[in-house]
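Undergrad: here are the coordinates; sequence isn't available:
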């Protein structure tokens, strides 16, 4: 899927767009376009649209669902179901995009035969292996010219998206209930706090939002601005028994402050050596 999309200036004077009843509808429609594949499609589940397109807005999954209905009624998108999954298709998508001759095949199922949102006059689709070879050639050219770009998945912003953290770190599948829970926690505690708590839960092997919620409550009770930076590292055990290792005591240097006299120290050292040799004989 392409990293960039064309958003034509005609969108600002489109009657369909300007007649939308809510500015959130305009925003959602515009922001969905960069997330579409080469056929103008993206996952149509309201929870997934919320997680992918507007993860940081103060909107619930139900708000996204209502907005999608309005966009469909306005004729800006087609919202259909095929092969058991909901799909959003931007109407007349190919009329406003460039470079679609390179597209291969959409990962989303085709719409019904009477689907009006696509002209059907797509350019010939190259074979998948030819497209991969073309990608490799383009990649090599960028590397040689020193214009290689960092992929979006490597950017730190991805780590600060709680919805992507939820899916990428194995918390589970984002349901409407989960999406609302994440949105509420993000609103109550802030994006940074929520993402750091989720990362802490992953490290602890506790991939559940109830555990994340507990972390957030504890942090808030501590009253520290960035509590994740103040936490102590876990203690290191001394072996299978879990006992801490005994540090080797060095002889004091002349002039060092001591709590015991030199004679007492030497006596303690001899006692320690006898105890150590006794353990060796028992083994």
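TA: Yep, it's here. Note that the structure is predicted; figures quoted are calculated from it, not measured.
Undergrad: now the strands: where do they sit in the stretch 1-150 of the chain?
TA: Ranges of strands in the stretch 1-150 of the chain, per DSSP state E, counting those that start in this stretch, are 41-43, 77-82, 85-90.
Undergrad: what's opposite the closest residue to residue 111 other than its chain neighbours in the beta bridge?
TA: Once flanking residues are discounted, residue 111 sits nearest to residue 80: 5.1 Å by C-beta to C-beta, 6 or more residues apart in numbering. For glycine as for every other residue, the C-beta is placed from the backbone atoms N, C-alpha and C. Applying DSSP bridges to residue 80 gives these bridge partners: residue 87.
Undergrad: you'd agree residue 80 is up against residue 110?
TA: No. Between residue 80 and residue 110 there is no contact under C-beta atoms under 8 Å: 9.6 Å.
Undergrad: looking at those two, which one has more neighbours?
TA: Here residue 80 and residue 110 are compared on neighbour count by other C-beta atoms under 10 Å; more neighbours surround residue 80, at 20 against 16.
Undergrad: so how far is residue 47 from the more buried one?
TA: From residue 80 across to residue 47, the span is 17 Å (C-beta to C-beta, to the nearest Å).
Undergrad: before we move on, what about residue 12?
TA: As judged by C-beta to C-beta, residue 12 and residue 47 stand 29 Å apart.
Undergrad: give me the more crowded residue out of these two.
TA: More crowded of residue 12 and residue 47, by other C-beta under 10 Å: residue 47, with 22 against 11.
Undergrad: now do the contacts for that one.
TA: Applying C-beta atoms under 8 Å, 6 or more residues apart in numbering, we find residue 47 in contact with 61, 64, 174-176, 178-179.
Undergrad: helices of this structure, start to end?
TA: With DSSP state H as the definition, the chain shows helices at residue ranges 15-18, 23-32, 46-53, 61-73, 128-145, 156-159, 162-168, 176-189, 191-204, 209-222, 262-282.
Undergrad: so which of the ones you listed is the most surrounded?
TA: Across the helices of the chain, averaging neighbours per residue (mean count of other C-beta atoms under 10 Å) puts helix 46-53 on top, at a mean of 23.
Undergrad: what angle separates that one from helix 61-73?
TA: Put simply, helix 46-53 runs at 90 degrees to helix 61-73, going by axes from the mean of the first three to the mean of the last three C-alpha atoms, to 10 degrees.
Undergrad: what sits closest to residue 197 if chain neighbours are left out?
TA: residue 215 (4.2 Å).
Undergrad: where does the prediction get shaky in the stretch 101-250 of the chain?
TA: In the predicted model, the stretch 101-250 of the chain carries pLDDT under 70 at residues 101-105, 112-159, 231-250.
Undergrad: and this structure, what are its domain boundaries?
TA: According to automatic domain parsing, the chain comprises the domains 9-145, 156-229.
Undergrad: out of these, flag the one nearest residue 273.
TA: With C-beta to C-beta, the closest approach to residue 273 among the domains of the chain belongs to domain 156-229: 41.9 Å.
Undergrad: cool, thanks, talk later.
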